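Undergrad: sequence-free structure coming up:
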């Protein structure tokens, strides 16, 4: 389906979008497809990445968070696997490996997070994320208490829920458009000491 | 759960957010709860409403769309019902009644869109939206062709998918925070000739 | 599909059926469609309404019940929403609003009963009704105990189960025949102090 | 759970109910438990069996039907298996074996009707019944046409749907009360030339 | 579909396979279809029955087990019903009746094991088997503890899981090939004091 | 859970099992955990690997097959992902990459086989495998015809079904015991020209 919504030429894009994309390319060595795929609609692109940054890089918005970068990518990977989104499992799985410094963790989280090599706190975090992903209307007090027991407060819980909800949007867009992950993502972080790409 | 995330005082909000909210209040006669509920995190608020506007008011982004305002609210109502989101079914169901000038259509779409009093084109539109909502990973060529047969092109299909995906995010946030619809929404548009509220 | 099973002319119906329908019409101001839709088969009509009355108007059968009229209509509304039955959600949602004197409660129960503005006892009652509706074969002792804890006894539990089971029948008949709610039902009880219609 | 709702003593029952039960006992040689289990609430009992008779013995209501007795019991058996109702699978499976004169057919229909030794017309009939049972809100024109292709008309289709809906009620009541089949039913019709029992 | 994979002539089979089949025939009085159906591929046949024997006749492998023969056939019957496998429900239901000396138990387990006339230990055993059958990836410590509470140790739990997993394979093969149970199985064990057939 | 069923010491195993394991180790450079995990029960081990070899290395059994080694591992990977089995997705995903000489294909098949870079014939093959895996009781003539249209005959279809069924067994055993993939598998075949490991 990818041909229905071809990736636009970088040079035809609005300057702010192009600048951000060039920055990402310089840092990562390649342009993750999502940056080009959504750019055909600039207003949506700007909103999507503003939302992404607000949730995934909260310091940039002057907000601190108890979730680590690894925690966040772990939520994205589990959510994207539940939604069968190839782009996001592969791209964010790569980031998860890098931030957690665990070359095996992304495949574990994607196939069956229940038996992944993660902390009890992360396990509780993913259990809640999966409920937001699959049955948000059934969330109740007991779900909050389970997270409080692991030292996560209501702002952390908002973070977990919002990241899950946002990537549910992203997963549906990627699946519907047939967006594919860049080949580079598949191998990233599978051996120790790799540096972070953008994305 | 609403007490976990209390609505902020309008006067404590950043100016741009407060201005938009006051505008909405003037137009609608009340402040839809979503505007205050999300304002406790300004960066997310701005991204959320920018995304909302890009999809729901495309003219504002200099883009035309073959979907009518009624079509769009119909997609939101069906999606929100599938996700059991009280806020969005009630608030957007009101807008759907008003734009379609059909006082009965929102309840029909919410309970069983298959037998709602809508056009064949709208029926196909909702069938696709429900697939994006519930099984986006199974979307294939046949789904596009079914919509083309009703005169909807690939840009319209992007609109349907993006609206469904965006309100999937909104539904999960509303469900998780326990956000409730303003009482005003329940009655809006249930009798002929009512004017449009914001939100 | 409604044309497959057209509503019969009132004058062609057996006298007992016609009399009851005229009574209902006098009380409600209109004839709820279910009375005509099922009348094409008089023997089934008589059994259906006898069963309906035995469960929904137990005093008529010389039996008292701890469930209020509002409780019963709440069970019907939740069941009918789970079964996606437009007729019953709209018609019995109207009765629910009126008996509970809560103009907002029917939409809340229909979209997500878990966050409706109802009592803890009613919440337990709906939880049990949903299990009868969706997985009756999994009902066990713990389900009875949960209701006893709210002061509901085994006769009340029979009431909850029987109402849920009976409207599961009604929902399937309405969905299969394409029966539509009378327009009058949509607005009933949405403002204070309306009186009860039949139906 | 059966002790919650003990079977009443036959002699304490209203005369009309006792008479019918004695008739059944004389014909079948035993009293099928459903007759006693529901008799604790006479008004519901009368409505239940009136409905049952209207659907399962239409000649009694002066109505002919293209469905044979075997067809009807086959629908009941498939429905009751989908609803995991032990009483109805065992009791109506016995009747199915007898009416169809096929000692193996009930187990086939209960475990996997798709590969049962039945006619193509019966296969289509069960396919429709299962849709009424599990997703009545999705029934559309194509479902009617599939049955017309096998010579079933709209009245036959009403019969199939109504029997499925009615036994959905019965299945939920039996499951909730823990009603058990009489031991006699298990063996009935498993060898050729047995005569029909009641109930 | 059975004609796609016709049963081979006994005389064309390799000697070891023919010998075993003749042994079974002598003991049971007939050849259960599974022995012929799988024999068209001798290597698979040998592995299948070696696996079967290792699990179902552990003494033969020099291993003792706390599960009785009745326990094992009960697991097979519940699993095969969950997988809608006619051959295995009928054939192993027969063995279950015989080993447990309960003519009614197989139908009870097949339709709704939760209300079957079995021990609390057997109920826990089937609850675990159903989780292995339907959601093995969700099994956790609590599931083991529930079985330990009934005196079942980790070797018994391995037995339960392995039998469930093995017959999941068998169920899928039988369903896919359209393998039908021999008529003899339907009646076996339905009256007291019958002797065991081969299986 | 792995500690419940600790891997046995290679030297304590029966000679035939130890010999095979040493062979595998020599070829692959490490011992895939499944070989040790199942060896604690020698009779089951022998049957498991005999079955595995009969399906996955048919030449060894003197049988040819139209399915390539890559086809077979693709079926295993898709099945194991549907069953959320970490061991098999990682181990057989590695073999899939190697046999197909496509470093990206295993992640594609595991996350969403519908959009993997595979042939139309392989797509049809996986569609059938998923039906065997998830709803074998619904398989009918149309499913066979869809595969015939891609040049697959009834023996190929048996292969697809049997591999899917066998790994459904393997997936359940691995999930229940908490068996984990060897770290070596995660990276295998992710760069061109790697040679085949065992297992």
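TA: Yes, it's here. Model, not experiment: these values are computed from the prediction.
Undergrad: From residue C:174, how far out is residue A:109?
TA: Note on residue A:109: its distance to residue C:174, by CB to CB, to the nearest Å, is 45 Å. Bear in mind the C-beta positions are built from the backbone N, C-alpha and C, glycine included.
Undergrad: The residue lying closest to residue A:176 once chain neighbours are set aside: which element?
TA: Leaving aside its sequence neighbours, residue A:176 sits nearest to residue B:161 (CB to CB, 6 or more residues apart in numbering or on different chains; 4.3 Å). Here residue B:161 is covered by helix B:154-177, with elements defined by DSSP states H and E.
Undergrad: okay, now the closest residue to residue A:177 other than its chain neighbours: neighbour count?
TA: Excluding its sequence neighbours, the residue lying closest to residue A:177 (CB to CB, 6+ apart) is residue A:5, at 5.0 Å. Here the number of neighbours of residue A:5 (other CB atoms under 10 Å in any protein chain shown) works out to 19.
Undergrad: Close to chain E: what parts of chain A are there?
TA: Within chain A, the residues that sit near chain E (CB under 8 Å from any CB of the partner chain) are A:112, A:114-115.
Undergrad: circling back: need the contact list for the residue nearest to residue A:176.
TA: Applying CB atoms under 8 Å, 6 or more residues apart in numbering or on different chains, we find residue B:161 in contact with A:172-173, A:176-177, B:128-129, B:132, B:136.
Undergrad: Let me know the pLDDT of the nearest residue to residue A:188 once chain neighbours are set aside.
TA: Among residues not flanking residue A:188 along the chain, residue A:94 sits closest, at 3.8 Å (CB to CB, 6+ apart). The model reports residue A:94 with a pLDDT of 98.
Undergrad: Next up, the contacts around residue A:94.
TA: Contacts of residue A:94 (CB under 8 Å, 6+ apart): A:106, A:185-186, A:188-189, A:197.
Undergrad: Around residue A:144, how many other residues sit close by?
TA: A count of nearby residues for residue A:144, using other CB under 10 Å, gives 18.
Undergrad: Does whatever residue of chain A ends up closest to chain D belong to a helix, a strand or coil?
TA: Minimum separation of chain A from chain D (CB to the nearest CB) falls at residue A:137, amounting to 18.5 Å. Three-state call for residue A:137 (DSSP: H, G, I helix; E, B strand; the rest coil): helix.
Undergrad: Just the mean pLDDT for stretch A:6-26, thanks.
TA: Taken as a whole, stretch A:6-26 has an average pLDDT of 96.
Undergrad: Are it and chain B in contact anywhere?
TA: No - Stretch A:6-26 lies out of reach of chain B by CB under 8 Å from any CB, never closer than 10.7 Å.
Undergrad: picking that back up, is it possible to export the contacts of residue A:94 to a markdown table including pLDDT?
TA: Below are the contacts of residue A:94 laid out as a markdown table (pLDDT from 0 to 100):
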| residue | pLDDT |
| --- | --- |
| A:106 | 98 |
| A:185 | 98 |
| A:186 | 97 |
| A:188 | 97 |
| A:189 | 96 |
| A:197 | 54 |
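Undergrad: out of the residues you listed, which are inside helices?
TA: Among the contacts of residue A:94, the members found in helices (DSSP state H) are A:106, A:185-186.
Undergrad: Most neighbours among the residues you listed, which one is it?
TA: residue A:106 leads those on contacts (other CB under 10 Å) with 30 neighbours.
Undergrad: hang on, the residue nearest to residue A:177 packs against residue B:162?
TA: No - judged on CB atoms under 8 Å, residue A:5 makes no contact with residue B:162 at a distance of 11.4 Å.
Undergrad: The residue of chain A found nearest chain C: what's its closest spatial neighbour, skipping adjacent residues?
TA: Chain A approaches chain C most closely through residue A:137 (4.9 Å), counting by CB to the nearest CB. Once flanking residues are discounted, residue A:137 sits nearest to residue B:84: 3.5 Å by CB to CB, 6+ apart.
Undergrad: likewise residue A:44?
TA: residue B:54 (4.8 Å).
Undergrad: what helix or strand is the one you found on?
TA: helix B:42-56.
Undergrad: What residues does the spatially most central residue of chain A make contact with?
TA: What sits nearest the mean C-alpha location of chain A, by CA atoms, centre = their mean, is residue A:76, with 4.0 Å. For residue A:76, the contacting residues are A:88, A:92, A:95-96, A:163, A:167, by CB under 8 Å, 6+ apart.
Undergrad: if you set the cut-off to 7 Å instead, what comes out?
TA: With contact taken as CB atoms under 7 Å, 6 or more residues apart in numbering or on different chains, residue A:76 is in contact with A:88, A:92, A:163, A:167.
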